[in-house]
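> Coordinates for the following, if possible.
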Amino acid sequence: MGADRLAERPAVIFLHIPKTGGLTLRHFILQQAPAERIYESRLGGGPREKAHIRHIQGEDDPYTSQESRPLEARTEPNGPFLEQLRAMPPERFRGLRILFDHFWFGLHEHLPMPATYITLIRNPVERVLSLYHYRLKQGLDMSLERYVAAARDFQLWDGRTRRVAGRDPHGGLVGQAPATEEMLEVAKENLVGSFSVVGVTERFDEALVLMNRELGWRLVPYDRYNVTRGRISRGDLPPRVLSRIEELNRFDARLHAFAAELMERQIDSMGPSFRRAAATFRIKQRVFQGSPPIARRAYFSARTRASRLKRALGRGGG
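Numbering: from 1, shown residues only. Below is the predicted model of the structure:
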């Protein structure tokens, strides 16, 4: 997208719900704008993640101060992001056009420019299984049954409803407040009123086509990132474990169904041309995925060089 057209559009906030395909979408997003127009915090990792694993396992409770707490347990979960944004040179802050991270709804209220949201929402059982295997890679040492029985991981129970609602209607810590009917309704209202694209992870390619149509983003091939291979499937779960996951995510299940309905209505409103475009993109994506890794890397390298050349010519007035 040209710099002038990019500047004319509202900034796009990708509300990245963990384990919904966001890392793959991140690499797609990085091809949509110059690096200086994109913000991502990279706040995760390091001691905080290790402390969180200890907390999940019940070894200790390290969250004794706002600074050491995970974002889910802070009174203002977007606070660390806002600190980084406000520390930017004002011109760069105002010039941002894409922001993506594990935000909570409400970030737009603190931006100096108009903004819209996009997100992906995943079937909650599949998301929990992916989250559990991700925690294992981080050092978690407990069975899936113990993990869901203890439910000490803030992202395990109704995490999407709370994140999309962005606030606890009763004034508690949004990340720790149990989801309620009221919070679910707030989340639904936010999806309808503030999101340009609400996609479900199970229809990833169609979500990208929606972003192309609604945001003017380039529809380019993508590589899959952070895919958990060999993890337990839903069909292999003991009934008591599946029942516990569903119990912990009963509001998330309803939010996922609502998001799927929104997506289907948006696709229907675009007529047959959308489905033709989606079918064409799926074919191109299959061809791309079937090509050797060296060819895929060469493709992305060529796109990066071309983008840099365009920006250099633009700055030079060419």
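> Across the sheet, point out what pairs with Leu15.
With DSSP bridges as the criterion, Leu15 is bridged to Asp101.
> And the pLDDT for it?
Note on Leu15: pLDDT of 95.
> neighbours around Asn190, how many?
20 (other C-beta atoms under 10 Å). Bear in mind the C-beta positions are built from the backbone N, C-alpha and C, glycine included.
> State the pLDDT value of it.
So, for Asn190, pLDDT stands at 97.
> List of residues touching the host helix or strand of it?
Asn190 belongs to helix 181-194 when assigned by DSSP states H and E. Residues lying outside helix 181-194 but in contact with it, judged by C-beta atoms under 8 Å, 6 or more residues apart in numbering, are 105, 108, 116-117, 119, 160-162, 164-169, 177, 198, 251, 254-255, 258-259, 262.
> Can you go through the residues you listed and name the buried ones?
Among these, those classed as buried by neighbour count (16 or more other C-beta atoms under 10 Å) are 105, 108, 116-117, 119, 160-162, 164-168, 177, 198, 251, 254-255, 258-259, 262.
> Settle this for me: Arg86 is touching Phe93, isn't it.
Yes: using C-beta atoms under 8 Å, Arg86 is in contact with Phe93, at 7.3 Å.
> Between the two, which is the more surrounded one?
Just comparing Arg86 and Phe93: by other C-beta under 10 Å the higher neighbour count belongs to Phe93, 16 against 10.
> how about the strands of this protein, start to end?
Taking DSSP state E to define them, one finds strands in the chain at 11-15, 38-39, 98-101, 115-121, 195-200.
> In helices only, show me the buried ones among the contacts of helix 181-194.
Arg160, Thr161, Arg162, Val164, Ala165, Phe251, Arg254, Leu255, Phe258, Ala259, Leu262 (DSSP state H).
> Flag the shaky bits of the stretch 151-300 of the chain, pLDDT-wise.
169-176, 226-230, 293-300 (pLDDT under 70).
> Max pairwise distance over the ones in helices among the buried ones among the contacts of helix 181-194: which two?
Longest distance between any two of those is 18.8 Å, between Arg162 and Leu262; criterion C-beta to C-beta.
> What are the buried residues along stretch 211-221?
The neighbour-count check on stretch 211-221 (16+ other C-beta under 10 Å) flags Met211, Asn212, Arg213, Glu214, Leu215, Trp217, Leu219, Val220, Pro221 as buried.
> chain center to stretch 231-244: distance?
Centroid displacement of stretch 231-244 relative to its chain, using C-alpha atoms, centre = their mean, to the nearest Å, is 24 Å.
> which residues are in contact with it?
Val125, Glu126, Leu129, Ser130, Tyr132, His133, Leu144, Glu145, Val148, Ala149, Ile245.
> Distance of the closest residue to Pro114 other than its chain neighbours relative to Glu214?
Excluding the flanking residues, the one nearest Pro114 by C-beta to C-beta, 6 or more residues apart in numbering is Pro10, at 4.1 Å. Counting by C-beta to C-beta, to the nearest Å, the separation of Pro10 from Glu214 is 11 Å.
> what's the burial count for Ala115?
18.
> next one: Arg9
Neighbour tally, Arg9, other C-beta under 10 Å: 15.
> if I look at it, how far off is His27?
21 Å.
> What of Asn249?
In terms of C-beta to C-beta, Asn249 sits 27 Å off from His27.
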